[in-house]
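*Asks:* model this:
(one chain, ligands or ions: 1)
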Amino acid sequence: MIDHLRRATTRALDAALPAACVGCGSEGPSLCRECAPALDGRLEAPAGVAIGLPGDLPAPLLQLDWCAPFSGAVRSALHAIKYAGEQRLAEPLGAAVARRWARIGVGADLVTHVPVHAARARTRGYDQAELIARVAARHLGLPYATLVTRERATIAQFDLDRSDRAANVAGAFVAGPDRGDRPVGHWVLLVDDVVTTGATLAACAEALERAGALGTSAITVARER
Ligand SMILES: [Zn+2]
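*Replies:* Take a look at the predicted model:
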């Protein structure tokens, strides 16, 4: 009920107020020309955690990368698409994911997203990671498919430490027949809005590989440390 009220209020505000930048509040597009470059904060940086390199790459991910630090306009944009109904931000966020992946990505032939639980997508009216992933796929010229479902609602990861995070999401995801398209024989690029430890991405990748994916790489808009 609260969510419905919030969404109705957001829509009413959208209609009543001129569009403004979520980063600085200036009138105009949802991310202005001054704030948008923050999304490319790591465009020139070496690949985040790549194949064959030591580091905290959670198995079975082949690669894990992100576009920008979780701060400033990037943080505001992610908050706005997740909680304030700013679906228009999917375009700049997805385009940034595509730009970063085009620089550092190794392989992957099919794009998908880390799903929220269906109940949450229903109350929000959309799944922000899906919107971002679809835009990224279009910019990369790769097909998009819904491959994974979240079978179990999980508690918010930010309240948990590293090992509890892994336990919280283990087995939460299912991929394969009757759960959307099949990942069989594909190297999947998994897209999400934010990564912290990578436990959620790894749990998704495990589900994809149980369902026949050859491998899974992951990219997010931001990394929260
Ligand atoms: Zn701005």
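
*Asks:* find the nearest non-adjacent residue to the residue nearest to the spatial centre of the chain, please.
*Replies:* The chain has residue 192 as the residue nearest its centroid, 1.5 Å off, counting by CA atoms, centre = their mean. Excluding the flanking residues, the one nearest residue 192 by CB to CB, 6 or more residues apart in numbering is residue 114, at 4.1 Å. All C-beta spots, glycine's among them, are computed from the backbone N, C-alpha and C.

*Asks:* what about the residue nearest to residue 183 when sequence neighbours are not counted, neighbour count?
*Replies:* Excluding the flanking residues, the one nearest residue 183 by CB to CB, 6+ apart is residue 213, at 3.9 Å. Neighbour count of residue 213, defined by other CB atoms under 10 Å: 25.

*Asks:* okay but residue 213 is in contact with residue 189, surely?
*Replies:* No - counting by CB atoms under 8 Å, residue 213 stays clear of residue 189, with 10.7 Å between them.

*Asks:* list the helices and strands the helix or strand residue 64 falls within packs on?
*Replies:* Assigned by DSSP states H and E, residue 64 falls within strand 63-69. Identification of packing neighbours for strand 63-69 by 3 or more CB pairs under 8 Å, 6 or more residues apart in numbering; DSSP states H and E yields helix 90-104, strand 215-223.

*Asks:* tell me which of the ones you listed sits nearest to the ion.
*Replies:* Closest to the ion of those, according to CB to the ion: helix 90-104, at 11.2 Å.
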